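Asks: just need the structure, nothing else, for what follows:
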Amino acid sequence: MGFIWNELLIKPMLNLMLFLYNVLPTHDLGLVIIVITIIIRLLVLPLSIRASRSQRKLKNLTPQLNELKEKYKGDQQALARAQMEFYKQNGVSPMGSCLPVLIQLPILIALYRVLTDMITKIDPAFVYPFIYLPETINHTFLGFLDLSRPEKYVMPILAGGLQYVLGVMTTPIDKSKNAVSSPESAITKQMLFMMPLMTVFLAISVPSGLTLYWIVTTVFSIGQQVWVNKEKRKEVTVRIKKAGETGEVFIAEKVEELSPNEKKDEENKENKTSGQF
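Replies: A predicted model of the protein is given here:
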């Protein structure tokens, strides 16, 4: 098992890092990790966009899901069947958003192994014949941050803060009176804070190179979510323009599909427009 793991993950990761370290003019390991992160995120981008759309749709369907929970209260089997049918009818996969993260887990483990065990003392047996092995590797970022060791202050807080921002953008929270007091709503809100805290504690204990990877991938995810949200707004705007005289119907549909903050923005726009006449 160890041989397969080394051949499929550890060696490719190490050699990719060496290749980029050799070709990038700055010979900065931090820049190498940033480039690797961007490459990986671009490779999984189609899956990530699909997951973001599914997650946004699930977020908009939260009130209906809460109604199902109330309807089948006390009958977990009937609730599970009703939820599966509901997901199927609306084209939503609750587990679909996990796939991009699951794909990245082996990459994170490989990067962790390379940063902790190999980057300070590279075994030539792990280097491909066509990859140049430098005599020394500068494993600092920006000239002062040792990426092979944990950084206990700025980077963990930054990673946790970005994780919280992403959580706010993607977590489905229903603010209706019935949902606020429900156990599911309480768990959702707890997870919104638990994930950033877990990120901070993990970042304190792992090499800062791994934390850098997580920071870059989270920034990428935030940008992707902003794009998905903007795409949705464009879509409903086109529907309104095409509606012509029946535009009011589509405005109502649009408001239902947006998050609470987006609803306020749209209501303000509509008020300004009506005030001009």
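Asks: got any ranges where the stretch 101-250 of the chain has weak pLDDT?
Replies: 172-186, 235-250 (pLDDT under 70).
Asks: and the strands in it?
Replies: For the stretch 101-250 of the chain, applying DSSP state E, counting those that start in this stretch gives strands covering 140-141, 145-146.
Asks: make TSV out of those and add distance to Gly161 and mean neighbour count.
Replies: Yep, even glycine has a C-beta here, placed from its N, CA and C like the rest. Formatted as TSV, the strands of the stretch 101-250 of the chain follow (distance: least, CB to CB, whole Å; neighbours: other CB atoms under 10 Å):
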stretch	distance to Gly161	mean neighbour count
strand 140-141	19	18
strand 145-146	18	16
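Asks: now those in JSON lines, with distance to Ala203?
Replies: Output for the strands of the stretch 101-250 of the chain, formatted as JSON lines (distance: least, CB to CB, whole Å):
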{"stretch": "strand 140-141", "distance to Ala203": "14"}
{"stretch": "strand 145-146", "distance to Ala203": "13"}
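Asks: just give me the longest helix of the chain.
Replies: Assignment by DSSP state H gives helix 208-243 as the longest helix of the chain.
Asks: for that helix, packing partners?
Replies: The helices and strands touching helix 208-243, judged by 3 or more CB pairs under 8 Å, 6 or more residues apart in numbering; DSSP states H and E, are helix 29-43, helix 45-60, helix 99-113, strand 140-141, helix 154-170, helix 183-205, helix 247-257.
Asks: any idea which of those gets closest to Leu14?
Replies: The closest of the helices and strands packed on helix 208-243 to Leu14 is helix 99-113. By CB to CB, the value is 8.3 Å.
Asks: helices and strands around that closest one, which ones?
Replies: So helix 99-113, by 3+ CB pairs under 8 Å, 6+ apart, packs with helix 11-23, helix 29-43, helix 45-60, helix 208-243.
Asks: quick one: residues in contact with it.
Replies: Helix 99-113 has contacts (CB atoms under 8 Å, 6 or more residues apart in numbering) with 9-10, 12-13, 33, 36, 40, 44, 47-48, 51, 206-207, 209-210, 213-214, 217.
Asks: next, the angle helix 208-243 makes with it.
Replies: Counting by axes from the mean of the first three to the mean of the last three CA atoms, to 10 degrees, helix 99-113 points 160 degrees away from the direction of helix 208-243.
Asks: what are the buried residues along helix 99-113?
Replies: 99-100, 104, 107-108, 110-113 (16 or more other CB atoms under 10 Å).
Asks: looking at those residues, which is nearest Lys73?
Replies: Of all the buried residues of helix 99-113, Leu99 has the smallest distance to Lys73: 31.1 Å, by CB to CB.
Asks: so what's the spatially most central residue of the chain up against?
Replies: Nearest residue to the geometric centre of the chain (CA atoms, centre = their mean): Ser221, 4.4 Å. Shown in contact with Ser221 (CB under 8 Å, 6+ apart): 48, 166.
Asks: from here on, count from 26
Replies: Sure, I'll start counting at 26 from here, so that last one is Ser246.
Asks: ok, so what distance separates Asp171 from Leu70?
Replies: 31 Å (CB to CB, to the nearest Å).
Asks: OK, contacts around Leu217?
Replies: 189, 192-193, 196, 198.
Asks: before we move on, what about Met219?
Replies: With CB under 8 Å, 6+ apart, Met219 has no contacts at all.
Asks: what about Leu170, distance to Tyr157?
Replies: The gap separating Leu170 from Tyr157 is 25 Å, by CB to CB.
Asks: give me the number of residues near Ser77?
Replies: By the criterion of other CB atoms under 10 Å, Ser77 has 22 neighbours.
Asks: that one reaches Leu191, doesn't it?
Replies: No: contact criterion CB atoms under 8 Å: Ser77 and Leu191 do not qualify, at 10.5 Å.
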